[in-house]
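Enquirer: Make a model of this:
(one chain, ligands or ions: 1)
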Amino acid sequence: MRSIITTEKVDVTYNPGQSNEFKALVNVSIEIAAREYIIFFGPSGCGKSTLLYSIFGVLAPTSGKVIVKGDSVYELDPVDFVMYQRKTMGIMYQSFNLIPSLTVLDNVQLPLIFAGMPPSVRERQAMELLERFGIAHVAHKRPSLLSGGQQQRVSVARSLVNDPEILIADEPVGNLDAVSAEAVMNTLDEINRNDKKTVLLVTHDAKYLPYAHRVFYLDYGKVDRIVANPEKRQIIKVRPGETIVTEIEQLARIYPYDTPEQLRVKSLINFLTQNLSFDQIVRLEKMTQHVIEGVVSEHQFQDELTTDYEQGGCGIKPPQAEEMTRRMFQVLEQSKDIVRFRRTPQAENTIDMARLELIKRIQVYMIGEYAIEQDSRLLERLTKMITNRVYGYITREECHRQLRLPIEDGGGGFDIYLAADLSRYLEKLIAQGVSHFQQHQEAKPDSNSIHAQQAKKFEEMDKGMFAKLAGILHRKKEAEAK
Ligand code: ADP
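Expert: Down below sits the predicted model:
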């Protein structure tokens with residue numbers, strides 16, 4: 001393979017020789033071909049960003065080499081090094097890194113100012129990109145007036161304005177809602193396919209793996225394994241065993257952080273507990289997502305479950321499909337009472353009648369599902385347990401324990417199987433109801449994680465550069481206006 005990027009035995013050690021020395025990359029040797037779409041994947045802290053920024057040229061390895069287009073990046077002379085970062089590399093960040101005082105158009109043409117390009121050409125080039133990404137109408141606005149998705153498209157445009165050969169992206173959709181994230185991921189895919197750029201992307205989110213030609217799994221600073229995506233036509237020749245052909249590789253996508261042993265265990269458990277293949281499960285997940293989004297009715301869902309797998313369905317036998325549909329829609333419907341419970345303000349110093357009413361209804365659902373005998377003392381106990389669990393006064397384990405505890409000891413006296421069923425059913429209602437409730441509260445990224453801090457630091461480094469450029473652009477524009 002003729003590679004565009006090669007790393008040779010790259011080590012990156014932070015704070016070498018000090019008490020807080022940390023080996024972030026250990027002996028990383030990889031090769032990436034031109035036009036490949038590569039994802040660096042792994043848990044937070046495994047070294048993905050370190051590898052990305054080493055390739056970008058801002059983080060020199062402690063030992064080893066980064067070779068891009070035949071040149072050892074950290075041995076380039078200063079002029080070539082500037083050209084390398086400007087002409088070879090384009091970058092986009094999780095938090096966009098746009099300059100708030102400049103318009104969208106100026107932000108995009110910023111990287112062109114050093115090229116000595118006449119302003120009209122510069123502007124036309126930038127405008128073309130804004131048009132391409134559907135944001136030309138906001139060209140003269142400041143970035144802060146744009147949605148997150150629009151800002152990230154501005155940052156895509158900026159990263160492409162120099163027509164770099166390699167586009168690198170550090171968790172580029174980590175701060176976006178699902179719809180904007182998909183739009184940006186599709187844009188990156190298009191840039192890889194149509195513009196034929198090499199794309200390197202860092203993510204810890206497994207759902208984006210299908211975009212890549214190959215995924216480099218990192219763990220503790222090492223490249224653990226490299227897996228080629230069988231659904232994409234490969235750029236390089238793939239050796240046998242490198243594509244996801246086994247069920248274990250398929251499972252690795254669903255449970256990306258599990259070891260091969262844990263995956264074998266999952267494969268066997270799946271065989272023992274359900275008669276669905278992982279292909280069917282993946283499809284079932286997609287269909288279930290459509291139900292949650294409210295775009296598929298109960299009837300359509302059941303229909304899709306029984307449709308042949310080859311025709312896009314799930315290929316599940318009708319009686320099983322019917323039972324699955326019934327249970328799913330029942331849980332979703334009944335969990336609305338958990339949502340109502342959360343929305344009902346807690347009354348002070350009075351018996352909370354509205355909430356008690358909802359608890360009673362949840363109890364009726366559980367009794368109905370498991371045909372429990374209507375013994376008044378038992379029902380009273382059950383009400384208490386459900387109340388405590390729904391309020392969050394006791395844990396799932398404690399609730400389960402109380403359900404099993406003999407009646408004479410103050411428990412529900414259910415046998416182990418019924419106690420497990422009841423507890424599981426209640427947890428499903430709570431999970432659906434609570435997450436429905438939480439979905440409507442804004443999700444906040446974990447800005448305290450080491451990874452976020454690290455990304456921030458790298459961004460700051462780059463921001464300095466962009467701020468300088470912004471100053472130069474202002475002065476240049478003033479000079480041109482005279
Ligand atoms: P990832 O991108 O996979 O989340 P990073 O490449 O950001 O991981 O970091 C890899 C490891 O290196 C982390 O455990 C992090 O704590 C450590 N690390 C990163 N930057 C520094 C630094 N400047 N000093 C010390 N340790 C660091």
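Enquirer: Please look at residue 188 and residue 211 and confirm they touch.
Expert: Yes - between residue 188 and residue 211 there is a contact at 7.2 Å, judged by Cβ atoms under 8 Å. C-betas here are computed from N, CA, C, even on glycine.
Enquirer: higher neighbour count, the two?
Expert: residue 188 (22 against 19; other Cβ atoms under 10 Å).
Enquirer: what do residue 188 and residue 211 both touch?
Expert: Common neighbours of residue 188 and residue 211 (criterion: Cβ atoms under 8 Å, 6 or more residues apart in numbering): 37, 201.
Enquirer: Quick check: which ranges of the stretch 151-300 of the chain have low pLDDT?
Expert: Applying pLDDT under 70 to the stretch 151-300 of the chain flags the ranges 240-246.
Enquirer: and with 90 instead?
Expert: 174-183, 204-210, 224-283, 285-286, 293-294 (pLDDT under 90).
Enquirer: all strands for it, in order.
Expert: 166-170, 198-203, 214-219, 222-228 (DSSP state E, counting those that start in this stretch).
Enquirer: Using a markdown table, please lay out those strands together with mean neighbour count and distance to the ligand.
Expert: Listed next are the strands of the stretch 151-300 of the chain as a markdown table, based on neighbours: other Cβ atoms under 10 Å; distance: least, Cβ to the nearest ligand atom, whole Å:
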| stretch | mean neighbour count | distance to the ligand |
| --- | --- | --- |
| strand 166-170 | 24 | 8 |
| strand 198-203 | 25 | 6 |
| strand 214-219 | 21 | 6 |
| strand 222-228 | 18 | 12 |
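Enquirer: could those strands be laid out in a markdown table, adding distance to residue 179?
Expert: Listed next are the strands of the stretch 151-300 of the chain as a markdown table, based on distance: least, Cβ to Cβ, whole Å:
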| stretch | distance to residue 179 |
| --- | --- |
| strand 166-170 | 18 |
| strand 198-203 | 17 |
| strand 214-219 | 24 |
| strand 222-228 | 28 |
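Enquirer: Spell out which parts of the stretch 151-300 of the chain neighbour the ligand.
Expert: Remark: no part of the stretch 151-300 of the chain is in contact with the ligand, using Cβ under 6 Å from any ligand atom.
Enquirer: Domain map for the protein?
Expert: 3-245, 336-439 (automatic domain parsing).
Enquirer: ranking those by burial, who's on top?
Expert: Highest mean neighbour count of the domains of the chain: domain 3-245, a mean of 18 (counted as mean count of other Cβ atoms under 10 Å).
Enquirer: show me the contacts for the closest residue to residue 248 other than its chain neighbours.
Expert: Distance criterion Cβ to Cβ, 6 or more residues apart in numbering; nearest residue to residue 248, sequence neighbours excluded, is residue 263 at 4.9 Å. Counting by Cβ under 8 Å, 6+ apart, residue 263 touches 248, 251-252, 255.
Enquirer: Repeat that for residue 184.
Expert: 149, 152-153, 156, 172-173, 176.
Enquirer: Which element, helix or strand, includes residue 50?
Expert: helix 48-56 (DSSP states H and E).
Enquirer: Next, the residue of the chain most remote from its centre: phi, psi?
Expert: Ranked by distance from the centre of the chain (Cα atoms, centre = their mean), the top residue is residue 408, with 49.4 Å. Residue 408 adopts backbone torsions of phi -70, psi -20, taken as degrees, to the nearest 10.
Enquirer: Skip the chain neighbours and tell me the closest residue to residue 125.
Expert: Nearest to residue 125 is residue 161, by Cβ to Cβ, 6+ apart, at 6.3 Å.
Enquirer: Kindly report the same for residue 264.
Expert: Closest to residue 264 by Cβ to Cβ, 6+ apart is residue 248, at 6.6 Å.
Enquirer: how close does the one you found sit to the ligand?
Expert: Using Cβ to the nearest ligand atom, to the nearest Å, residue 248 is found at 24 Å from the ligand.
Enquirer: circling back: between the domains of the chain, which gets the lowest average pLDDT?
Expert: Mean pLDDT is lowest for domain 336-439 out of those, coming in at a mean of 88.
Enquirer: residues in contact with the spatially most central residue of the chain?
Expert: Geometric centre of the chain, nearest residue: residue 205, 3.3 Å, by Cα atoms, centre = their mean. By Cβ under 8 Å, 6+ apart, the contact set of residue 205 is residue 174.
Enquirer: The ligand versus that one, what's the distance?
Expert: 12 Å.
Enquirer: Repeat that for residue 125.
Expert: Applying Cβ to the nearest ligand atom to residue 125 and the ligand gives a distance of 32 Å.
Enquirer: cool, residue 157 as well?
Expert: 25 Å.
Enquirer: Leaving out chain neighbours, which residue sits closest to that residue?
Expert: Setting aside the residues directly before and after it, residue 157 is nearest to residue 129 in space (Cβ to Cβ, 6+ apart), at 3.9 Å.
Enquirer: what's near enough to touch the one you found?
Expert: The contact partners of residue 129, by Cβ under 8 Å, 6+ apart, come to 108, 157, 160-161.
Enquirer: Return the residues in contact with the nearest residue to residue 369 once chain neighbours are set aside.
Expert: The spatial neighbour of residue 369 that comes closest, neighbours along the chain excluded (Cβ to Cβ, 6+ apart), is residue 425 at 5.8 Å. Counting by Cβ under 8 Å, 6+ apart, residue 425 touches 331, 365-366, 369-370.
Enquirer: Kindly recompute the last result at 10 Å.
Expert: Residue 425 makes contact with 327, 330-331, 334, 362, 365-366, 369-370 under the criterion Cβ atoms under 10 Å, 6 or more residues apart in numbering.
Enquirer: Need the CA coordinates for the helix or strand encompassing it. PDB is fine.
Expert: For residue 425, the host element (DSSP H and E) is helix 416-439. Coordinates of each C-alpha in helix 416-439 appear next as PDB, following Å, rounded to 0.1, in the frame of the first residue of the first chain:
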ATOM      1  CA  ILE A 416     -37.900 -15.500  43.100                       C
ATOM      2  CA  TYR A 417     -39.200 -15.700  39.500                       C
ATOM      3  CA  LEU A 418     -42.200 -13.500  40.000                       C
ATOM      4  CA  ALA A 419     -40.200 -11.000  42.100                       C
ATOM      5  CA  ALA A 420     -37.700 -10.800  39.300                       C
ATOM      6  CA  ASP A 421     -40.400 -10.400  36.700                       C
ATOM      7  CA  LEU A 422     -42.200  -7.700  38.700                       C
ATOM      8  CA  SER A 423     -39.000  -5.800  39.400                       C
ATOM      9  CA  ARG A 424     -37.900  -6.000  35.800                       C
ATOM     10  CA  TYR A 425     -41.300  -4.700  34.500                       C
ATOM     11  CA  LEU A 426     -41.300  -1.800  37.000                       C
ATOM     12  CA  GLU A 427     -37.700  -0.900  36.000                       C
ATOM     13  CA  LYS A 428     -38.800  -0.900  32.300                       C
ATOM     14  CA  LEU A 429     -41.600   1.600  33.000                       C
ATOM     15  CA  ILE A 430     -39.300   3.800  35.100                       C
ATOM     16  CA  ALA A 431     -36.500   3.700  32.500                       C
ATOM     17  CA  GLN A 432     -38.800   4.600  29.600                       C
ATOM     18  CA  GLY A 433     -40.700   7.200  31.600                       C
ATOM     19  CA  VAL A 434     -37.600   8.900  33.100                       C
ATOM     20  CA  SER A 435     -35.600   9.000  29.900                       C
ATOM     21  CA  HIS A 436     -38.600  10.400  28.100                       C
ATOM     22  CA  PHE A 437     -38.600  13.100  30.700                       C
ATOM     23  CA  GLN A 438     -34.900  13.700  30.600                       C
ATOM     24  CA  GLN A 439     -34.900  13.900  26.800                       C
END
